[in-house]
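K.L.:
Sequence below, structure please.
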Amino acid sequence: MGHGNYSHAAHAALLADRADLDAEQVFRQTGCHPLMNPRGLTVRESRDSADHPHALPIAFALDVTGSMGDIPRNLAQRDLPQFMGLLGACAIADPQVLFMAIGDATSDDAPLQVGQFESTAELMDQWLTWSFLEGGGGGTGSESYELAFYLLARHTDTDSWVKRRHKGYLFMTGDELPYPAVSRHQVGALLGDQLDEDIPIEEAIAAAAEQYHLFFLIPDLQRRQRCESRWRDLLGDHVICMESPDDTCHVAAALVGLTEGRLADVDAVARVLADQGLARERVSAVVRALRPYAELLKPGAVGLPLRPGARPAGAAAGGWWKKLFG
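P.N.:
Model prediction:
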């Protein structure tokens, strides 16, 4: 997927028409959209084309449980054109965006929803607004984030990785803990995959990290206390603690720019954000959220830390993953 060209003007006009609508009028699904139902999914593809010769896959895995609805609503009614505009300002030429929605597989009706990688404003918006904002969650203190890592590792195929060994990006939003393993029963029920045993979340993360830079975005400083420590065990300094969910798109775009080497440091981030018209207080908040990660990218800095005791991502082909999938 991912054919066609992006138009910022078309995207802005699309959102302007719904600026004053209630969220229920934008996200109209009352259940999982049939085309976002992962049951029987083979693969989601990000492909190069004449329009996009260096396609860069970018996945958003959005927690859509009760406490996390602000981020998908902001994306659909205000922020997604800003994300794409910032990528353009960072000279990221061929982004292809996929949306997933994450809930709790122990209690929700639609705990895993997945769109396609797209390049046009209309199709990105279509998949985003087809997401069912179930607003559930099981009250366990955990959500089924591990399913998103599994799906990316097992059910995506990107020219960026296959042709160029160039990683894509995952931006996962959330404010809870993950479950400790990918449940074979849940995978069977939701996707139809047959596993012999559960997969520890560490293995699923390592497999996804072979092809994607993985980031977990915590929406504000109040919520970091209940989940940050565990996520840092798993993802190290790829955990980004924001000061407001309003900063999600700016943080994500800046992370791409920094990681791709298009933004040299947080000063460059600040200049780009200011040039794009972001208010000074929001620029400062984004810079504060990004500074720990950006410091690791400076010349002479030691490589990005993994979780304590983790193997390099390339080791994902061993252990459980190799046993289950060869």
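
K.L.:
in the chain, which spans are strands?
P.N.:
44-46, 56-63, 95-102, 112-114, 142-143, 156-158, 168-173, 177-178, 181-182, 199-200, 212-218, 239-241 (DSSP state E).

K.L.:
tell me the angle of the second one relative to strand 168-173?
P.N.:
Right, strand 56-63. Angle of strand 56-63 versus strand 168-173, following axes from the mean of the first three to the mean of the last three Cα atoms, to 10 degrees, is 20 degrees.

K.L.:
mind listing what the nearest residue to residue 42 once chain neighbours are set aside touches?
P.N.:
Residue nearest to residue 42 in three dimensions, not counting chain neighbours: residue 155, with 7.0 Å by Cβ to Cβ, 6 or more residues apart in numbering. For glycine as for every other residue, the C-beta is placed from the backbone atoms N, C-alpha and C. If a contact means Cβ atoms under 8 Å, 6 or more residues apart in numbering, then residue 155 has 38, 41-44, 191 as its contacts.

K.L.:
Got a ChimeraX select line for the buried ones in those?
P.N.:
Selection command for ChimeraX covering only the buried members of the contacts of residue 155, criterion 16 or more other Cβ atoms under 10 Å:
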select :38,41,44,191
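
K.L.:
Quickly name whichever of the contacts of residue 155 is closest to residue 288.
P.N.:
The closest of the contacts of residue 155 to residue 288 turns out to be residue 44 (Cβ to Cβ; 34.0 Å).

K.L.:
Contacts for stretch 249-256 next, please.
P.N.:
Stretch 249-256 has contacts (Cβ under 8 Å, 6+ apart) with 56, 58, 60, 74-75, 79-80, 82-83, 86-87, 90, 92, 95, 169, 171, 213, 215, 217, 240, 242, 262-263, 269, 272-273, 278, 282, 286, 289-290, 293.

K.L.:
Could you tell me how far it lies from the centre of the chain?
P.N.:
11 Å (Cα atoms, centre = their mean, to the nearest Å).

K.L.:
what pLDDT, on average, does that stretch get?
P.N.:
For stretch 249-256, the mean pLDDT works out to 97.

K.L.:
How about stretch 153-171?
P.N.:
Mean predicted confidence for stretch 153-171 is 97.

K.L.:
likewise stretch 197-209?
P.N.:
Mean pLDDT, computed over stretch 197-209, is 96.

K.L.:
mind listing what's buried in it?
P.N.:
For stretch 197-209, the buried set under the neighbour-count rule, 16+ other Cβ under 10 Å, comprises 198-209.

K.L.:
correct me, but residue 288 touches residue 243?
P.N.:
Yes. At 6.8 Å, residue 288 counts as touching residue 243 under the criterion of Cβ atoms under 8 Å.

K.L.:
of the two, who's got more company?
P.N.:
Applying other Cβ atoms under 10 Å to residue 288 and residue 243 shows that residue 243 carries more neighbours, namely 18 against 15.

K.L.:
Compute the distance between the closest residue to residue 292 other than its chain neighbours and residue 150, please.
P.N.:
Nearest residue to residue 292, sequence neighbours excluded (Cβ to Cβ, 6+ apart): residue 237, at 5.8 Å. Going from residue 237 to residue 150 by Cβ to Cβ, to the nearest Å gives 23 Å.
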